[in-house]
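> fold the following, please.
(3 chains)
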Amino acid sequence: MSDPVDRLLDAAESGKSIIKNRDILHFSYIPNIILHRDSEQKQVTQSLLPILKQSRPSNLLVYGKPGTGKTLVVKRVISKIQERVEKSNFPIKLVYSNSKEETTLYGLLVSLGRQLDLDEKELPTTGLSISEVFKRLLNKISEGKINAIFVIDEIDYLAQLIAKTGKDILYQLTRANERLEQGSLTLVGISNDLTFKEKLDPRVISSLGEEEIVFTNYNVEQIKKILEARINEAFVENTVEDSALNLCAALAGGEHGDARRAIDLLRVAGEIAERQQSDKVTTKNVKEAKQKIEENKEELSLEAFPLHEKLIILAMMKANGSSTGEIYSSYKNLCKIVGLDELTNRRITQMLSEIELSGIITGRLIHQGIHGRTKKYKLEISSEMIKKAFKDELTLKDII
DNA sequence: CCTCCACAGGAACTGATGGCGT
DNA sequence: ACGCCATCAGTTCCTGTGGAGG
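Here you go, the predicted structure:
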């Protein structure tokens, strides 16, 4: 993690700084976003256009892989529209929420409500039924004659939540206008998963998918242009070597065309170069940045694991071999040592799959004939890393 | 060709938490 | 004071399975 104090001190000490404007080196920097997304911006604008004429636009579905700028474009278009109508008596309210950050259906609805200025009293964070929360949202819109645009990011997660709980909130959201006497509600769904629509209730598809916009992946050339534009504004002239720029673009563009990653890479590389008091960002810095970002991610997710999952990771370190059975007995031993109640086998299997999702371990199903079926897990990080990340956990002190 | 291992992983349930409306 | 609601971590019970060994 780059320490802001260090950075400032380093820069001051050397009397030279190669980064002029750090803000530009964040993907989500909005003021003249340079994203190569002209046609998509046009499309989004067009489908939201009816709102200027005080009629309700169609609901909108936006697809695109991470780092393609979907969210940025949507937010930008809406805020532009807001500027236009600011003085009219036709206020437009942008309400944004990310279904991945709000882990529950309730939480998501509450976060939407908060942005409509419903306070704790009007909309408590717990205790109500989902339908009651929903009713209050609509009431607020109706009473305030608000024209709300709900932007729901990663809407595929929301769809999953809904499938689990059996509530048809998405359907109700898309049809909310029929229940509103005043004000309006427009839904903009953003999804990474292009196949997500197939899993939806057909009634939802017909109203949510009225308009669809697909953001294609950036190719390496486009990423390069995006980086160049940011470099021009953010860095002192001629401080980023061409080869470093190319490497950034290649690393990020190679797989998914993720511009966010490319820009992060560039920023971290710049910071590393500054710290080394170098006056150029080189390919070496980019490679260092890549590693740093990865390690950082690993350490953060390691620290964030709950106690039992940490125990499992330690158990994996100690177990020789790593089938679920072996991990489980090793885990039981550790529990005994630290004096904790052990959890069931089933729970451990589940936790292992959860850990696998973070990429810290990888699993592979193997069939050993008469010796049954197991999943063999492998640690993808060094044990030093694990020890480093767990050193602050008191309970684990003895077994590290 | 059949059996049977050693688990995977789904589904339904439990109990605790925290807070609502009436 | 009461019943109700959503959520979370964890448990119980369950069905499913590729292929080595007989």
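
> quick check: the residue of chain A nearest DNA strand B.
Proximity of chain A to DNA strand B (Cβ to the nearest atom of the strand) peaks at A:Gly372, 1.7 Å away. No exception for glycine: its C-beta is placed from N, CA and C like everyone else's.

> quick one, helices of the stretch 301-400 of chain A?
A:307-318, A:324-338, A:345-357, A:383-390 (DSSP state H, counting those that start in this stretch).

> kindly compare burial across those and name the winner.
Mean neighbours per residue, mean count of other Cβ atoms under 10 Å, is largest over those for helix A:307-318, with a mean of 20.

> helix or strand right after the lowest-mean-pLDDT helix or strand in chain A?
Using mean pLDDT, DSSP states H and E, helix A:4-14 stands out as the lowest-scoring helix or strand of chain A, at a mean of 69. For helix A:4-14, the following helix or strand on the C-terminal side (DSSP states H and E) is helix A:38-48.

> and that next one, which residues are buried?
For helix A:38-48, the neighbour count (16 or more other Cβ atoms under 10 Å) marks A:Glu40, A:Gln41, A:Gln43, A:Val44, A:Thr45, A:Ser47, A:Leu48 as buried.

> show me what from chain A comes close to DNA strand C.
Chain A has residues A:103-107, A:126-131, A:165, A:167, A:306, A:308, A:343-344, A:346-347, A:350, A:367-373 near DNA strand C, with proximity defined as Cβ under 7 Å from any atom of the strand.

> type out the PyMOL command that picks the buried ones from these.
Provided next is the PyMOL selection string for whichever of these are buried by 16+ other Cβ under 10 Å:
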select buried, chain A and resi 105+106+107+128+130+167+308+343
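
> on that earlier part again, tell me the one of the buried residues of helix A:38-48 nearest A:Ala389?
Taking Cβ to Cβ as the measure, A:Ala389 lies nearest A:Glu40 of these, at 39.9 Å.

> where in chain A is pLDDT low?
Counting by pLDDT under 70, chain A shows low-confidence ranges at A:1-2, A:8, A:10-16, A:32-34.

> in it, which residue sits closest to DNA strand C?
A:Gly369 (1.8 Å).

> enumerate the residues of the stretch 51-200 of chain A near DNA strand B.
Within the stretch 51-200 of chain A, the positions adjacent to DNA strand B are A:Pro124, A:Thr125, A:Thr126, A:Gly127, A:Leu128, A:Glu132 by Cβ under 7 Å from any atom of the strand.

> name the SS class of the spatially most central residue of chain A, please.
Closest residue to the average C-alpha location of chain A: A:Lys100 at 6.9 Å, with Cα atoms, centre = their mean. With DSSP: H, G, I helix; E, B strand; the rest coil as the basis, A:Lys100 sits in coil.

> and A:Glu120, by the same measure?
coil.

> what sits up against the host helix or strand of A:Val110?
Using DSSP H and E, A:Val110 maps to helix A:105-115. Outside helix A:105-115, the residues that touch it by Cβ atoms under 8 Å, 6 or more residues apart in numbering are A:93, A:95-97, A:99, A:102, A:122-123, A:125-126, A:128, A:130, A:133-134, A:136-137, A:140, A:150, A:152, A:158, A:161-162, A:165, A:167, A:169.

> so what secondary structure elements neighbour the helix or strand that that helix is followed by?
Per DSSP H and E, the first helix or strand lying C-terminal to helix A:105-115 is helix A:130-143. Of the remaining helices and strands, those touching helix A:130-143 by 3 or more Cβ pairs under 8 Å, 6 or more residues apart in numbering; DSSP states H and E are helix A:105-115, helix A:169-174, strand A:184-191.

> comparing those, which comes out most buried?
Comparing these by mean neighbour count (mean count of other Cβ under 10 Å), strand A:184-191 comes out on top with a mean of 25.

> neighbouring strands - and their directions - for it?
According to DSSP bridges, strand A:184-191 forms sheet pairs with strand A:60-64 (parallel), strand A:147-153 (parallel).

> for the next helix or strand after the first one, which outside residues touch it?
Following the chain from strand A:60-64 toward its C-terminal end, the next helix or strand by DSSP H and E is helix A:70-85. Under the criterion Cβ under 8 Å, 6+ apart, residues A:27-28, A:30, A:33, A:35, A:37, A:40-41, A:44-45, A:48, A:51-52, A:62-64, A:91-92, A:94, A:96, A:149, A:151, A:153, A:188, A:190, A:215 lie in contact with helix A:70-85.

> repeat the analysis, applying 6 Å as the threshold.
With Cβ atoms under 6 Å, 6 or more residues apart in numbering as the test, helix A:70-85 has contacts from A:33, A:37, A:40-41, A:44-45, A:62, A:64, A:92, A:94, A:149, A:151, A:153, A:188, A:190, A:215.

> same check, this time on stretch A:191-209
Residues from elsewhere that reach stretch A:191-209, judged by Cβ under 6 Å, 6+ apart: A:Asn59, A:Leu61, A:Tyr63, A:Pro66, A:Ile155, A:Asp156, A:Leu170, A:Tyr171, A:Thr174, A:Gly189.

> follow-up on the earlier one: which residues touch the residue nearest to the centre of chain A?
Counting by Cβ under 6 Å, 6+ apart, A:Lys100 has contacts A:Glu154, A:Tyr157.
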